[in-house]
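# Model the following, please.
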Amino acid sequence: MKHILILFFIFNYLFSVENKSWDSHSAYLIPKKNWEVGLFHPFRYGYSEKIEYSTHPLLFFVFPNIAIKMEQNNFRDFKIATRLKLFYPTPLLNIVSRSGIGGLVDPNIILPPMLGLSGSLIASKEIVGLNTSYSMGIDLGLVFDDLDHRANIDLPIIYHRLGVFHNKWGLHAGIDMQKMLIKKIKIHADLDFKMLPGMNNKNINKFYKMLSGENSLEHKLLFIWEHSKHFRIMTGYKLVIGQYPYGAETRILPYIPMLEKWIPMIEFQWSG
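Residues are numbered from 1 along each chain as shown. All right, here's what the predicted structure looks like:
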């Protein structure tokens with residue numbers, strides 16, 4: 001069960017990608033009273049013309065989470081929105097806290113209540129034929145007791161998102177681009193940078209102090225087939241280049257350890 005939850009947690013981030021109709025990275029909101037959901041995609045609902053809510057429903061009971069996106073005034077030709085995310089990872093960490101094979105967190109570690117907050121500013125615009133979205137923001141990790149430094153999961157995608165609770169704060173920025181290739185088939189590419197400033201001082205004399213933390217660079221490439229406005233399929237890969245306690249590592253995801261190889265990821269999404 002714990003392996004399924006961790007895989008779902010990773011796939012959830014691998015497939016967070018959309019366009020004007022299927023959008024969480026862009027500044028476009030889902031229309032009022034419309035919804036969308038996918039196997040690894042959050043459930044999104046248009047509460048009004050200016051507000052939408054989203055959550056990962058299958059994860060919610062072990063990883064409570066919610067996001068609110070709000071439309072803002074346009075700036076020049078850019079569509080502008082802000083997004084606030086909240087999540088509570090403690091229940092999931094308790095599930096994977098065990099000894100032996102498959103244990104991801106030392107069971108002797110007491111995990112305190114933790115609350116993650118993430119605020120982003122998003123700007124979207126069509127540039128040279130590409131639907132382009134820029135985002136930047138700050139992440140906060142609130143811990144309501146002492147947190148053991150060993151209480152983390154040194155895996156791509158997960159480490160830098162949970163690391164904010166040890167570092168107390170982090171920064172993120174990204175760019176997403178999408179273009180129609182042929183009828184019903186689109187290509188999507190993105191580049192995301194996550195920083196945990198000062199979390200590790202081993203590189204403090206090598207470059208500017210702000211970049212001395214453990215950082216990650218994530219790139220995703222997806223091909224999207226839109227069967228209709230209510231259903232689509234996507235496939236592709238994600239590349240993660242990150243700094244971890246044991247050093248730097250580059251990994252193409254999804255990677256199946258038992259097979260020792262990468263396989264394409266496949267996602268199904270519905271809307272209504």
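# what does stretch 142-158 rub up against?
Contact with stretch 142-158 is made by 6, 9-10, 13-14, 93, 96, 104-106, 109-117, 159, 162-163, 165-166, 168, 216, 218, 240, 242, 244-246, 249, 251, 253, as judged by Cβ atoms under 8 Å, 6 or more residues apart in numbering. Yep, even glycine has a C-beta here, placed from its N, CA and C like the rest.
# redo that, cut-off 6 Å
Residues outside stretch 142-158 that contact it (Cβ atoms under 6 Å, 6 or more residues apart in numbering): 10, 13, 104-106, 109, 111-115, 162, 165, 240, 244, 251.
# try stretch 65-84
The contact list for stretch 65-84, computed with Cβ under 6 Å, 6+ apart, reads 27, 29, 50-56, 85-87, 119-125.
# Out of the residues you listed, which end up buried?
Buried residues within the contacts of stretch 65-84, counting neighbours by 16 or more other Cβ atoms under 10 Å: 27, 29, 52-56, 85, 87, 120, 122-125.
# circling back: would you write a ChimeraX line that selects the buried entries of the contacts of stretch 142-158?
In ChimeraX, this line selects whichever of these come out buried by 16+ other Cβ under 10 Å:
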select :10,13,104,105,111,114,115,162,165,240,244
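# okay, among the contacts of stretch 142-158, which ones form the most distant pair?
Using Cβ to Cβ, the contacts of stretch 142-158 span at most 30.8 Å, a distance reached by 113 and 251.
# Where do the helices of the stretch 151-272 of the chain begin and end?
With helices called from DSSP state H, counting those that start in this stretch, the stretch 151-272 of the chain shows them at 158-162, 164-167.
# Okay, residue 266 and residue 153: tell me how far apart.
In this view, residue 266 and residue 153 are 24 Å apart by Cβ to Cβ, to the nearest Å.
# between those two, which one's more packed in?
Each of residue 266 and residue 153 has its neighbours counted (other Cβ atoms under 10 Å); residue 153 has more, 18 against 14.
# so how far is residue 108 from the more buried one?
Using Cβ to Cβ, one gets 16 Å for the distance from residue 153 to residue 108.
# What of residue 37?
Distance from residue 37 to residue 108, by Cβ to Cβ: 38 Å.
# Which one's more surrounded, those two?
Remark: of residue 37 and residue 108, residue 37 carries more neighbours, 20 against 9, as counted by other Cβ under 10 Å.
# which residues sit against stretch 27-42?
So stretch 27-42 is in contact with 11-12, 15, 20, 43-46, 48-49, 52, 54-56, 69, 71, 79-81, 122, 124, 267-272, going by Cβ under 6 Å, 6+ apart.
# filter the residues you listed to the buried ones?
The neighbour count (16+ other Cβ under 10 Å) marks 11-12, 15, 44-46, 52, 54-56, 69, 71, 79-81, 122, 124, 267, 269, 271 as buried among the contacts of stretch 27-42.
# How many neighbouring residues does the residue nearest to residue 104 when sequence neighbours are not counted have?
In this structure, residue 104 finds its nearest non-sequential neighbour in residue 96, 4.1 Å apart by Cβ to Cβ, 6 or more residues apart in numbering. Per other Cβ under 10 Å, the neighbour tally for residue 96 reads 19.
# any idea of the pLDDT on residue 96?
Per-residue pLDDT puts residue 96 at 79.
# hang on, isn't it packed against residue 107?
No: with contact defined as Cβ atoms under 6 Å, residue 96 does not reach residue 107; the gap is 9.7 Å.
# pLDDT on the helix or strand hosting residue 80, on average?
If you go by DSSP states H and E, residue 80 is part of strand 79-87. Across strand 79-87, the average pLDDT comes to 96.
# how distant is it from the center of its chain?
Relative to its parent chain, strand 79-87 has a centroid offset of 13 Å by Cα atoms, centre = their mean, to the nearest Å.
# give me the element the closest residue to residue 42 other than its chain neighbours is part of.
Spatial nearest neighbour of residue 42, excluding adjacent residues (Cβ to Cβ, 6+ apart): residue 54 at 4.3 Å. Residue 54 belongs to strand 51-55 when elements are defined using DSSP H and E.
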